[in-house]
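Peer 1: coordinates only, no sequence provided:
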């Protein structure tokens with residue numbers, strides 16, 4: 001099966017063992033295809049018949065749910081790990097209505113959170129996620145929403161925090177922030193969805209027990225080469241919710257997306 005994921009450390013860490021046959025894959029084989037999260041979202045919505053298993057932003061799920069099933073395992077959500085809004089010069093949240101803001105894609109959870117929390121911030125420009133911090137530093141935009149490794153390295157680039165979007169979401173809802181999930185094309189039955197969820201869970205458990213096994217693979221695909229940044233990235237985004245969404249995880253997804261729980 002084609003497995004479309006991002007090259008970010010949490011995905012390569014999560015899927016390394018199942019890609020390389022280090023856990024029981026119950027007869028399935030997975031071929032990884034790496035792409036930016038914005039491209040993955042577009043693929044799920046614009047060419048669903050061509051996709052099998054892929055990572056998408058939870059903000060894209062309402063458009064994708066007709067063609068894909070949400071899997072129980074493999075998600076990135078939790079507390080204290082949401083997108084960060086940063087700027088080069090001092091900028092206050094009540095000034096965002098005039099600000100040019102770089103975002104990592106229209107269908108990303110980062111953009112969805114910006115819309116929920118700061119609806120008047122409408123001057124948005126789409127960038128590859130790794131190009132947002134440089135665009136802010138160079139003055140192309142006044143602010144930018146950082147995801148993945150960028151949220152750990154912005155201070156070193158002379159940028160300052162305007163708002164922690166995940167923290168504001170948590171304060172409003174009391175729920176973890178749902179960032180991205182794994183979906184399976186609905187041409188496969190529910191039994192296959194449950195099978196792949198089991199395999200992903202095994203892969204995560206193997207990675208957590210043997211973190212050295214995936215280290216080179218994670219490094220080879222990461223945007224950020226600093227070992228500590230990669231470790232921090234993984235610890236923030238691979239957690240108990242990655243093993244199983246559970247009731248609270250699904251409640252968070254429903255809250256963000258507006259989808260009814262029974263649709264998830």
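Peer 2: Nice, I can see it. Just so we're clear, the structure is a prediction, and the values are computed from it rather than from any experiment.
Peer 1: quick one: the strands in the stretch 151-264 of the chain, in order.
Peer 2: For the stretch 151-264 of the chain, the strands defined by DSSP state E, counting those that start in this stretch cover 160-164, 177-185.
Peer 1: the stretch 1-150 of the chain now?
Peer 2: 2-5, 31-34, 53-57, 68-70, 76-78, 84-87, 101-103, 124-126, 143-146.
Peer 1: sorry, back to before: just the strands of the stretch 151-264 of the chain: most buried one?
Peer 2: strand 177-185 (a mean of 26; mean count of other C-beta atoms under 10 Å). C-betas here are computed from N, CA, C, even on glycine.
Peer 1: how far off centre is that strand?
Peer 2: 8 Å (C-alpha atoms, centre = their mean, to the nearest Å).
Peer 1: elements contacting it?
Peer 2: Applying 3 or more C-beta pairs under 8 Å, 6 or more residues apart in numbering; DSSP states H and E, we find strand 177-185 packed against strand 53-57, helix 61-64, strand 68-70, strand 76-78, helix 109-117, helix 165-173, helix 190-209, helix 246-257.
Peer 1: of those, which approaches residue 17 most closely?
Peer 2: helix 190-209 (4.1 Å; C-beta to C-beta).
Peer 1: contacting residues for residue 202?
Peer 2: By C-beta atoms under 8 Å, 6 or more residues apart in numbering, the residues touching residue 202 are 17, 18, 23, 24.
Peer 1: skipping adjacent residues, who's closest to the third one in space?
Peer 2: Translated: residue 23. residue 202 (4.1 Å; C-beta to C-beta, 6 or more residues apart in numbering).
Peer 1: cool, and the last one?
Peer 2: Using C-beta to C-beta, 6+ apart and skipping residues adjacent in sequence, the residue nearest residue 24 is residue 202, 6.4 Å away.
Peer 1: same thing with the second one?
Peer 2: By the measure of C-beta to C-beta, 6+ apart, the closest residue to residue 18 outside its immediate chain neighbours is residue 203, 3.9 Å from it.
Peer 1: who are the packing partners of the lowest-mean-pLDDT helix or strand in the chain?
Peer 2: Taking mean pLDDT, DSSP states H and E as the measure, helix 150-153 is the helix or strand of the chain with the lowest mean score, a mean of 81. Where contact means 3+ C-beta pairs under 8 Å, 6+ apart, helix 150-153 is packed against helix 132-137, helix 227-237.
Peer 1: ok, residue 94 - how many residues close by?
Peer 2: 8 (other C-beta atoms under 10 Å).
Peer 1: any idea how far residue 261 is from it?
Peer 2: 35 Å (C-beta to C-beta, to the nearest Å).
Peer 1: shaky segments in the chain?
Peer 2: Where the chain drops to pLDDT under 70, the residues are 224-225.
Peer 1: the spatially most central residue of it pairs with what?
Peer 2: When C-alpha atoms, centre = their mean is applied to the chain, the residue found nearest the centroid is residue 180 (3.8 Å). Taking DSSP bridges as the rule, residue 180 bridges to residue 57, residue 76.
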